[in-house]
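Chemist: My questions are about this predicted structure, shown below with the sequence.
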Amino acid sequence: MAKLWGGRFSKNTNELVDAFNASIDFDKRLYHEDIRGSIAHASMLAKCGIIPAQDGEKIVAGLKDILKDIKAGDFKFEVALEDIHMNIEARLTERIGQAGARLHTARSRNDQVALDMHMYMKREVAEIAELLIRFEEALLSVAKKHSKTLMPGYTHLQRAQPITFAHHLLAYFNMLQRDFRRLQGVWEGADMMPLGAGAIAGTTFPIDRFDVAKQLNFGKVYSNSMDAVSDRDYVIEFLSFASILMMHMSRLSEEICLWSSTEFGFIELDDAFATGSSMMPQKKNPDIAELVRGKTGRVYGHLQAMLVTAKGLPLTYNKDLQEDKEGFFDAVDTIKFALAVYRDMILTMTVNVDKMQQAVSKDFSNATDLADYLVRKGLPFRQAHEVVGKCVAYAIHNDKFLPEITLEEYKTFSDLFEEDLLQALQPENCVASRKSYGGPAFSENEKQFAAGDKVLQQQQEILQDLQQRL
Ligand code: ARG
């Protein structure tokens, strides 16, 4: 296949060069955007009188046919034609002749690929926003079911203070809200129209970049042609968003693995969301959680790769920038998969309420509450801490928990202890009395549920707005 840029060359490209240079194997996923962008470009060229109106029409019709063929699987992508842009353009000219050869007027692949990537990213951002909302909804709904389910909260992975499973899940819900906000920021970077920058320095033709932006529903137009073709901030922003989201999901994964172990036994994954061992018949493994945790490393790698790729590049376009795609596409696929599978995994898991309750009853996570009890009786907190520390040491020594020590024994540590201390030690009371804003109290949970419903409603409206701006 003759090269579209072959004019100044007297030899065919070496086969290895063709293979190494080509991006078609992965950038063919941009076909829809490439065609939509070319249709907008051709229409604008015709409107501005840069190409004959008839040619414009032929181009648009030809591109629509190609779109149909690609969707039907009737399009042969050629490595010798390097990338999606030249594959489509070459086929167009093959089909409609001379008119097709006018499509690339006032355009370079540098601004073309940037356009495709921006459009593609907007589409994916909208899809990811939807998946993110669905996952948040799942977390919130499970949290609502467990507003009264007590469990130990941990610091240093040591039992710390009683909380509810709802409060724990709401922490993730809050992280995901920040992810959603970051995703909105990604949209802002993607919603900039680069076409018309040409290869680097714009064009001599009287194009209308704002018309193209309007046809393609872009909110902004790059105001510097050099920035337009060399900017990859939006890819880096996406990968940053993806890395932080994966970090959150990875932390949840670690907890899912712990909670589903026999040692914790707090949850059991549905059989449809766990896997077995080829050797050990008893095994039920949390592979999905482990894979999400594992894939997080890969997504971080893509962010790192893109940062390093971009750091040494002189303006403007350099072929290094073709490396922006595979990591980005892989991150898109990974987070979409992770969000979808996690949603269903969370919704179908069994929560062993009794096991959690047991864990919070037979431990010392109520020790802070006993100290607070003494504070309420007038003792300064630092001294109360010391007294209760001694009580804990005494209990451990006598193989008991705090509620099992008698009032008489307590009195030997402080005469402020009275009959009502047992109440302060009840895990339900420990949780119920943590009413400070953002605390785990049942009453606070209810407020957070209501606030969560509102946030989801707002996110849904934002999503609809994004979908209309595609
Ligand atoms: N396949 C290329 C990429 O993804 C398209 C732009 C190529 N431009 C060029 N001047 N070689 O970056």
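Modeler: Great, that's in hand. Residues are numbered from 1 along each chain as shown.
Chemist: which bits of the stretch 1-150 of the chain sit near the ligand?
Modeler: 23, 27, 83, 109-110, 113 (Cβ under 6 Å from any ligand atom). The C-beta positions use only the backbone N, C-alpha and C, and glycine is treated the same way.
Chemist: Which of the helices or strands spans Ala197?
Modeler: Using DSSP states H and E, Ala197 sits within no helix or strand.
Chemist: and the gap between it and Ser108?
Modeler: Plainly put, Ala197 is 8 Å away from Ser108 if you go by Cβ to Cβ, to the nearest Å.
Chemist: Now the common contact residues for those two.
Modeler: Counting by Cβ atoms under 8 Å, 6 or more residues apart in numbering, the residues touching both Ala197 and Ser108 are Val229.
Chemist: Settle it for me: which of those two has more neighbours?
Modeler: Ala197 (30 against 19; other Cβ atoms under 10 Å).
Chemist: I figured that one was touching Val113, is that so?
Modeler: No: taking contacts as Cβ atoms under 8 Å, Ala197 lies outside contact range of Val113: 11.2 Å.
Chemist: In helices only, show me the residues of the stretch 1-150 of the chain next to the ligand.
Modeler: Under the assignment DSSP state H, those contribute 27, 109-110, 113 to helices.
Chemist: State the number of residues packed around the residue lying closest to Lys47 once chain neighbours are set aside.
Modeler: Among residues not flanking Lys47 along the chain, Asp211 sits closest, at 6.5 Å (Cβ to Cβ, 6 or more residues apart in numbering). Residues near Asp211, counting by other Cβ under 10 Å, number 16.
Chemist: of the residues of the stretch 1-150 of the chain next to the ligand, buried ones?
Modeler: The neighbour-count test (16 or more other Cβ atoms under 10 Å) marks 23, 27, 83, 109-110, 113 as buried among these.
Chemist: ok, so of the ones in helices among the residues of the stretch 1-150 of the chain next to the ligand, who is nearest Met280?
Modeler: The shortest approach to Met280 among these belongs to Asp27, at 43.8 Å (Cβ to Cβ).
Chemist: which residues touch that closest one?
Modeler: Taking Cβ under 8 Å, 6+ apart, we find Asp27 in contact with 83-84, 113, 116, 325.
Chemist: show me the contacts for the closest residue to it other than its chain neighbours.
Modeler: With sequence-adjacent residues excluded and distances taken as Cβ to Cβ, 6+ apart, Asp27 is closest to Ile84, at 4.6 Å. For Ile84, the contact set (Cβ under 8 Å, 6+ apart) comprises 23-24, 27-28, 30-31, 34, 77, 116.
Chemist: ok, how many other residues are close to Phe173?
Modeler: As a burial measure, Phe173 scores 23 neighbours (other Cβ under 10 Å).
Chemist: actually Leu150, sorry about that
Modeler: Using other Cβ under 10 Å, Leu150 is surrounded by 24 other residues.
Chemist: got the contact list for stretch 121-137?
Modeler: When contacts are defined by Cβ under 8 Å, 6+ apart, stretch 121-137 is touched by residues 33, 173, 176-177, 179-180, 183, 186-187, 190-191, 234-235, 238, 245, 328, 332, 335-336, 339-340, 342-343, 346, 452, 455-456, 459-460, 462-463, 466-467, 469-470.
Chemist: if you look at the contacts of Ile84, which of them are in strands?
Modeler: Judged by DSSP state E, strands contain none of these.
Chemist: Farthest pair within those residues?
Modeler: By the measure Cβ to Cβ, Phe77 and Asp116 form the most distant pair in the contacts of Ile84, at 15.0 Å.
Chemist: Tell me the residues of the stretch 201-350 of the chain that contact the ligand?
Modeler: Within reach of the ligand by Cβ under 6 Å from any ligand atom, the stretch 201-350 of the chain has these residues: 317, 319, 321-322.
Chemist: Verify the stated contact: Glu428 with Ile163.
Modeler: No: Glu428 is beyond contact range of Ile163, at 11.8 Å (criterion: Cβ under 8 Å).
Chemist: what touches both of the two?
Modeler: The contact lists of Glu428 and Ile163 share Leu150, where a contact means Cβ under 8 Å, 6+ apart.
Chemist: which one of those two has more residues nearby?
Modeler: Counted by other Cβ under 10 Å, Glu428 and Ile163 do not tie: Ile163 has more neighbours, with 27 against 15.
Chemist: For the more buried one, list the residues it contacts.
Modeler: 150-153, 431, 440.
Chemist: Let's see that with 6 Å instead.
Modeler: 153, 440 (Cβ atoms under 6 Å, 6 or more residues apart in numbering).
Chemist: Check which helix or strand it maps to.
Modeler: strand 158-164.
Chemist: Show me what counts as buried in that strand.
Modeler: Residues of strand 158-164 classed as buried under the neighbour-count rule (16+ other Cβ under 10 Å) are 159-164.
Chemist: Tell me how far the spatially most distant residue from the centre of the chain lies from Lys400.
Modeler: Outermost residue of the chain with respect to the C-alpha centroid, by Cα atoms, centre = their mean, is Glu408; its distance is 56.0 Å. In this view, Glu408 and Lys400 are 14 Å apart by Cβ to Cβ.
Chemist: Then Phe205?
Modeler: 87 Å.
Chemist: Ok, Arg434 next?
Modeler: According to Cβ to Cβ, Arg434 stands 25 Å off from Lys400.
Chemist: Just the element for the closest residue to Leu303 other than its chain neighbours, please.
Modeler: Among residues not flanking Leu303 along the chain, Leu239 sits closest, at 3.9 Å (Cβ to Cβ, 6+ apart). Assignment of secondary structure by DSSP H and E places Leu239 within helix 233-259.
Chemist: now for that helix, which elements pack on it?
Modeler: Applying 3 or more Cβ pairs under 6 Å, 6 or more residues apart in numbering; DSSP states H and E, we find helix 233-259 packed against helix 165-190, helix 287-311, helix 324-348.
Chemist: Give the buried residues for that helix.
Modeler: By 16+ other Cβ under 10 Å, the buried positions in helix 233-259 come out as 234-250, 252-253, 255-259.
Chemist: returning to what we had before: out of the buried ones among the residues of the stretch 1-150 of the chain next to the ligand, the closest to Val308 would be?
Modeler: Val308 has its nearest neighbour among those in Ser23, at 19.1 Å by Cβ to Cβ.
Chemist: Now do the phi/psi pair for that closest one.
Modeler: Ser23 adopts backbone torsions of phi -120, psi 0, taken as degrees, to the nearest 10.
Chemist: so Glu418, which of the three states?
Modeler: Three-state call for Glu418 (DSSP: H, G, I helix; E, B strand; the rest coil): coil.
Chemist: Not including adjacent chain positions, what is the nearest residue to it?
Modeler: Of all residues not flanking Glu418 in the chain, Leu407 sits nearest, at 7.3 Å (Cβ to Cβ, 6+ apart).
Chemist: With Trp187 instead?
Modeler: Val125 (4.9 Å).
Chemist: Straight-line length of stretch 256-271, end to end?
Modeler: Distance across stretch 256-271, first residue to last, is 14 Å (Cα to Cα, to the nearest Å).
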